[in-house]
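1. no sequence on this one, just coordinates:
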């Protein structure tokens, strides 16, 4: 029997409370968008949710490394909160520069104030930690899996999450404001952002979604867009002009496209509406992409693998702490052993 | 205006411009080609909103649309010539359909002769054989360079075919990727007077050399008399030529300009932006195309190429612009 581990749940509560009050640096989103994203992430880590995690029996890892992607700056929060609360020392690997790097520095500073063992690094690789959680492209994941077995002091437990995309399903009479918020948060980047809106029996959907996107833009303006993203938005706009429809405003676009012309690419505040003739066709398209789907937002449920999270529209970007993450029971997977 | 009439006008333009004679105005011909295409290509018609009176106002077809839609005036089902982008496994390849290669061949031959007048006629091509890779515009162009030994097959680079016999100068034609791979095998120096042509980048190679590193290594190992660079793409019929460290020179029938990637509006001359090309030889397809590249067009029309537009790199777990572009090229 090992030494009983020291949990730090009250320190995590204090840490999260501090983060709520700390002004965010530039993360590439608008200030309003960044604050909305942070609030959404912190709201999921409410005391009852973390208390339920704290009550889970198990032995935590001594150390963990979280390799973060640059697209969703809040993604590491829940993982760090859970790991730190359980008593694990956490290293957050961030890009050399950028919004995530700046905000991660704030997290570390706040963690020091409450004596939480959180540090950041920009060094690539797997480090020395016992557990490695990585989020990124499929290429990143493949590279990490390759080098994991070659680590000199033995491979870590590796939880690696590659490319995923999400989509929403809209049927007649479904509301749009929640969907627009799902599209808007994180400027449509990130695996839980709906890049497709599949519609059935809702010919008014493009116009109504356009109206909701316009309102969302007023409330949470779009942030930075790279030249490459701008060019891709215009190229897809050209495609939609030829084969579909375009609705657009300052900072947002809705492209109506047939499914064969709508690859699931994340373009900031630029969503593809794909009208389909039936619920069955929607289901068939979802099944076709089941291995790449993260989240499906809909007022009804579909027969899909448990790896695909299904929820109402408006909640796609607010996943509960207790869930499967791309099919992985992450709360148990981040324990060294379960008692 | 018939296709044949336009083709003849472009041929006269090519000839006259290279003799420093006064061809008809570029803009007049470009606008007539646009009007011809607008009347016959539903894609161009859909993207043209109202009359077009300036060459930079001709709607530019994004290169990605060549993958998604049939572009141009030639029926894809019966197109006598189709060049395709290289593509990745499982991805759809962009297609450039032509009725014939008359303009392509004339423009390529004349401008290549102008820019590389000392090109040896014995060619070592680190490319697929043009008679087998019939959809490769690069192989098609190189086939006209002289007596060609093709050294790339589906099994990879055939090093034995790259063994140079004799002392006659050779013309090595290669993509950057293939050239780098050949250099990894420590080839011998080429005969005096040899020329090396490099085109393209390092798509798919896990360890990329910078341009400067590649050129330095080429000079060190192969010792060519001259190294030339070529910039072209499947969606264009014309090519630009240059030398390491120098901008690319377009032929008189190919006019580049840059736009703001956010708005698509032309930038001020000399400003960095997204590259577009007006190619008079693209009579069958799209007279103006929009690339995914960034650069600057100098007052003399030469192109300083920066590379891909910034911000395409993969940053996370969603399918990003970079991954989408990798499926296009």
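-> Looks like it came in fine. On a predicted model such as this, the values are computed, not experimentally measured, just so you know.

2. so when I look at residue B:148, I'm seeing a helix, right?
-> No - remark: residue B:148 does not belong to a helix; assigned using DSSP: H, G, I helix; E, B strand; the rest coil, it is strand.

3. Per-residue pLDDT of the nearest residue to residue B:104 once chain neighbours are set aside, please?
-> Closest residue in space to residue B:104, ignoring its immediate chain neighbours: residue B:237 at 4.4 Å, by Cβ to Cβ, 6 or more residues apart in numbering or on different chains. (C-beta placed from N, C-alpha, C; glycine too.) Note for residue B:237: predicted pLDDT of 98.

4. Can you give me the neighbour number for residue B:237?
-> Residue B:237 sits with 28 neighbouring residues when counted by other Cβ atoms under 10 Å in any protein chain shown.

5. thinking it is in contact with residue B:105, fair?
-> No - counting by Cβ atoms under 8 Å, residue B:105 is not a contact partner of residue B:237; they are 9.2 Å apart.

6. helices or strands next to the longest strand anywhere in chain B in the packing?
-> For chain B, the strand with the greatest residue count under DSSP state E is strand B:288-297. When contacts are defined as 3 or more Cβ pairs under 8 Å, 6 or more residues apart in numbering or on different chains; DSSP states H and E, strand B:288-297 packs onto helix A:227-243, strand B:61-62, strand B:254-259, strand B:272-279, strand B:303-308.

7. And the first one, what does it pack against?
-> The one in question is helix A:227-243. When contacts are defined as 3+ Cβ pairs under 8 Å, 6+ apart, helix A:227-243 sits against strand A:245-249, strand A:252-256, strand A:270-276, helix B:42-47, strand B:61-62, helix B:65-68, strand B:288-297, helix B:321-328.

8. Any chance of the backbone angles for residue B:104?
-> phi -60, psi -50 (degrees, to the nearest 10).

9. swap in residue B:264?
-> phi 80, psi 10.

10. Show the contacting residues for the nearest residue to it once chain neighbours are set aside.
-> In space, and not counting its chain neighbours, residue B:264 is closest to residue A:234: 5.5 Å by Cβ to Cβ, 6+ apart. With contacts defined as Cβ atoms under 8 Å, 6 or more residues apart in numbering or on different chains, residue A:234 is in contact with B:62, B:261, B:264.

11. could you list every residue that touches the residue nearest to residue B:104?
-> Here residue B:237 is in contact with B:98, B:103-104, B:107-108, B:279, B:281-282, B:285 (Cβ under 8 Å, 6+ apart).

12. Tell me the one of these nearest chain A?
-> Nearest to chain A among the contacts of residue B:237 is residue B:285, at 15.2 Å by Cβ to the nearest Cβ.

13. ok, and the closest non-adjacent residue to the closest one?
-> residue B:72 is the one closest to residue B:285 (Cβ to Cβ, 6+ apart), at 3.7 Å.

14. what's the answer for residue A:224, then?
-> residue A:28 (4.5 Å).

15. Residue B:99 contacts residue B:76, correct?
-> No - between residue B:99 and residue B:76 there is no contact under Cβ under 8 Å: 11.9 Å.

16. Comparing these two, which residue is more hemmed in?
-> Comparing residue B:99 with residue B:76 by other Cβ under 10 Å, the one with more neighbours is residue B:99, at 19 against 12.

17. And the helices in chain A, which stretches?
-> Assigned by DSSP state H, chain A shows helices spanning A:9-21, A:31-44, A:47-54, A:75-86, A:99-113, A:138-148, A:177-184, A:205-219, A:227-243, A:279-288, A:330-333.

18. how big is the angle separating the longest one from strand B:303-308?
-> Angle between the axes of helix A:227-243 and strand B:303-308 is 90 degrees (criterion: axes from the mean of the first three to the mean of the last three Cα atoms, to 10 degrees).

19. With mean pLDDT as new columns, can the helices of chain A be given to me in CSV?
-> Formatted as CSV, the helices of chain A follow (pLDDT from 0 to 100):
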stretch, mean pLDDT
helix A:9-21, 97
helix A:31-44, 97
helix A:47-54, 96
helix A:75-86, 97
helix A:99-113, 95
helix A:138-148, 88
helix A:177-184, 93
helix A:205-219, 96
helix A:227-243, 97
helix A:279-288, 96
helix A:330-333, 96
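
20. Mind checking those helices for the one nearest to residue A:319?
-> Nearest of these to residue A:319, taken as Cβ to Cβ: helix A:31-44 at 6.8 Å.

21. Please tell me I have it right and residue B:243 contacts residue B:229.
-> Yes - contact criterion Cβ under 8 Å: residue B:243 and residue B:229 qualify, at 6.4 Å.

22. between the two, which one's more packed in?
-> residue B:229 (22 against 15).

23. Any idea how many residues pack against the residue nearest to residue B:285?
-> 26.

24. So it: helix, strand or coil?
-> Per three-state DSSP, residue B:72 ends up coil.

25. quick one, strands of the stretch 1-150 of chain B?
-> B:61-62, B:81-84, B:95-98, B:122-128, B:147-153 (DSSP state E, counting those that start in this stretch).

26. what about residue A:237, how many residues close to it?
-> Neighbours of residue A:237 under the rule other Cβ under 10 Å: 19.

27. Equivalent analysis for residue A:143, please.
-> Residue A:143 is flanked by 17 other residues according to other Cβ under 10 Å.

28. Enumerate every residue touching it.
-> By Cβ under 8 Å, 6+ apart, residue A:143 has no neighbours at all.

29. Residue A:44 too?
-> A:78, A:318-321.

30. let's see 6 Å
-> A:318, A:321 (Cβ atoms under 6 Å, 6 or more residues apart in numbering or on different chains).

31. Just give the nearest non-adjacent residue to whichever residue of chain A sits closest to chain B, would you?
-> The nearest approach of chain A to chain B comes at residue A:226, 2.2 Å away (Cβ to the nearest Cβ). Nearest residue to residue A:226 in three dimensions, chain neighbours excluded: residue B:311, at 2.2 Å (Cβ to Cβ, 6+ apart).

32. Below-threshold pLDDT in the stretch 101-250 of chain B: ranges please.
-> B:201-207 (pLDDT under 70).

33. 80 instead?
-> The model of the stretch 101-250 of chain B has pLDDT under 80 over residues B:201-208.
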